[in-house]
Structure formats: structure tokens, C-alpha cells
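Peer 1: Dropping a prediction and its sequence here:
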Amino acid sequence: MTTDPDLRGIEHLGGDSGAARIVDSLDDLTGEADIVVDVMDPIEGATGQSEYVDFLNAVSRWCSETGGLAVLHCLDTGSDPDNRKFTLTERERMLDIDLGRDVYVDVSRKL
């Protein structure tokens, strides 16, 4: 494990084409790469259901094939975007971080 990560780029993807742009970039990433999407809410809200499920399947397949890691940061605002249910269904692990008075981290694994 390296302590000096190779940061290849940070992009503002927007909601409308964010999912498609991420999928289009997957072939260029190696197994040493990780994907971090901060935050998912605009993509979850602006992408059609079928396209969004295809996006999640492509990212999941990429992780399985390369050993890479994808972190999809979703906000808990009390008003979930339309596709949040698919994000939660596809997840491998979920961190639920509450930054209130008692700080805790809950790591759950989908069975």
C-alpha cells in the first residue's frame, strides 16, 4: 500500500451527465485506482432509473474485475433523491456517520 497516492484528477460532473461520464472513464482506470464521488445526490436525482441502475452495475463490475474501490458519498438530508433506493441496494458496505453531539460510525455489511 502506497502512502503517496497518485491523484489523477478531480472533476465537477454535475448531475445530468455525471453517471455516464464516470462509466466512460472506467476503462481508463487501473486496479490501483479508486473512485470517490462526493456527493452522489445530484447524480441520483438527475439520472433516469434505467441509466442509473446501469451505472451502479458498471461500477460494481469494475470493482469486482479490478479490485478497485468505489466510495459513493450520499447525504442524509431527510429527502432522498429518486434513485437512492438503488444506491442502498447495490452497496457492499455502508458507513453511517452522525456528526451530532455523540459522534459514532456504524459500519454495516449487506448480507
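Peer 2: Yep, that arrived. Numbers count the residues shown, from 1 in each chain.
Peer 1: which strands and helices sit next to the helix ranked longest in the chain?
Peer 2: Counting residues, the longest helix found in the chain (DSSP state H) is helix 49-66. Using 3 or more C-beta pairs under 8 Å, 6 or more residues apart in numbering; DSSP states H and E as the contact criterion, the secondary-structure elements in contact with helix 49-66 are helix 18-25, helix 41-46, strand 69-73, helix 84-90. (C-beta placed from N, C-alpha, C; glycine too.)
Peer 1: Got the confidence number for Thr2?
Peer 2: Taken from the predicted model, the pLDDT recorded for Thr2 is 49.
Peer 1: hang on, I meant Arg101
Peer 2: Arg101 carries a pLDDT score of 55 in this model.
Peer 1: can you offset everything so residue one is 49?
Peer 2: Got it, first residue is 49 now, which makes that one Arg149.
Peer 1: Pretty sure Ile70 sits against Val107.
Peer 2: Yes. The criterion here is C-beta atoms under 8 Å, and Ile70 meets it with Val107 at 7.0 Å.
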